[in-house]
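Novice: Need coordinates for the following:
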Amino acid sequence: MFMEMRNGTTVQEFTLEGFPAIQHLGKVLFFVHLMAYLASTVGNAVIITITCADSQLHTPMYFFLSIFSFLECCFINAVIPKLLHIFLLGRQTISFPACFIQAFLIVFLGATGFLLIAVMSLDRYVAICKPLHYPTIMNLKTCFILVASCFTLSFSLITGPLVKISQLSFCGPYVIPHFFCDIGPLIHLSCSDTWSIQMLAFFLALFILLISLIITIIAYSNIVVTIVRLPSAKEKQKAFSTCSSHLIVLSLMYGSSVFIYVKPRQKNRLDSNREAALVNTVVTPLLNPVIYTLRNKQVHRALREMMCRMKR
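Specialist: Okay, here's the model as predicted:
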């Protein structure tokens, strides 16, 4: 499927501008991003593997964490390979279908990730604030329903706008001032009237981020109140340690995503979006495995046991 232009020809490909100011450092940037890509993929894959392999990690918290790691693996594989291709070979073109497939995957996986962050916040709320009811409330069926709801809601919200964007007219130039196909740059390349689709994209981004953020804030407000009321300092430290990693991750995700997406008109800030997008596409997936496992004794134990089994 190619997009028809007003003069009757078709758009067959776009050019991803990447980082033109530092493109001469392509080989160095390729190596740096390749290392980050491999570390992110391996780190998130390890979390998924040990969660599946260790029966003691078959809990709602680690189930949601493994799904989140799976989303991160899919997300970076939708973005980073093309960026590596640009850095190494300087080939910046991407076909029209591939561009919109990439845009769909990025927005779909990103939106699902934010909804899952809210679900993980609710899980911590129930575990800390209602510990006696936790096994009953957060059973296997509930966990699957919550995860399926995240995927379904995300898909239903973003499919319509992406289809509308793919049907816009593009009259050139076909240079996307970014290192991947994103909604904002694509909208601004169109020669159609894009005001309505810009507003729709803005309000959808605002809705997803606000819903997730409100749920997270309410959950953690109750968590903080409950922790403060705990009698011993040891109990307080243990409760805070189970939430601190989650808070670091969501701070990175919300901060960069609000900067990128939650503004009605993005045209004058597309250049700065590239740097912010690197946080979501490179930094956060790289830090997630470290943040979630660095101070987690259960994960440390599971990793040691897995390494021992591999040595036998």
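
Novice: Please count neighbours and contacts with C-alpha atoms only from this point.
Specialist: Will do.

Novice: give me the low-pLDDT residue ranges for the stretch 201-312 of the chain?
Specialist: The model of the stretch 201-312 of the chain has pLDDT under 70 over residues 235-236, 238-246, 256, 258-273, 275, 292-297, 300, 310-312.

Novice: Also the stretch 51-200 of the chain?
Specialist: Low-confidence segments of the stretch 51-200 of the chain (pLDDT under 70): 91.

Novice: now I47: how far from M35?
Specialist: Applying C-alpha to C-alpha, to the nearest Å, the value for I47 to M35 is 18 Å.

Novice: Among these two, which residue is more densely surrounded?
Specialist: Set I47 next to M35 and count neighbours by other C-alpha atoms under 10 Å: I47 wins out with 25 against 13.

Novice: Figure out the helix or strand that that one lives in.
Specialist: I47 is part of helix 26-53, with elements assigned from DSSP states H and E.

Novice: after that helix, next one along is what?
Specialist: Assigned by DSSP H and E, the successor of helix 26-53 is helix 60-89.

Novice: which residues does the residue nearest the centre of the chain contact?
Specialist: Of all residues in the chain, the one closest to the mean position by C-alpha atoms, centre = their mean is G110, 3.9 Å from it. Each residue near G110 by C-alpha atoms under 8 Å, 6 or more residues apart in numbering is listed here: F75.

Novice: What strand or helix carries it?
Specialist: Under the criterion of DSSP H and E, G110 resides in helix 96-129.

Novice: Okay, buried residues for that helix please.
Specialist: In terms of neighbour count (16 or more other C-alpha atoms under 10 Å), helix 96-129 has its buried residues at 96-97, 99-100, 102-129.

Novice: do stretch 15-35 as well
Specialist: For stretch 15-35, the neighbour count (16+ other C-alpha under 10 Å) marks 15-19, 23, 26, 29-30, 33-34 as buried.

Novice: Also stretch 159-178?
Specialist: Those would be 161-162, 165-166, 168-171, 174-178, for stretch 159-178 by 16+ other C-alpha under 10 Å.

Novice: go on, stretch 137-146?
Specialist: Within stretch 137-146, the residues that count as buried by 16+ other C-alpha under 10 Å are 137-138, 143, 146.

Novice: Stretch 73-84 too?
Specialist: Going by neighbour count (16+ other C-alpha under 10 Å), the buried part of stretch 73-84 is 73, 75-80, 82-84.
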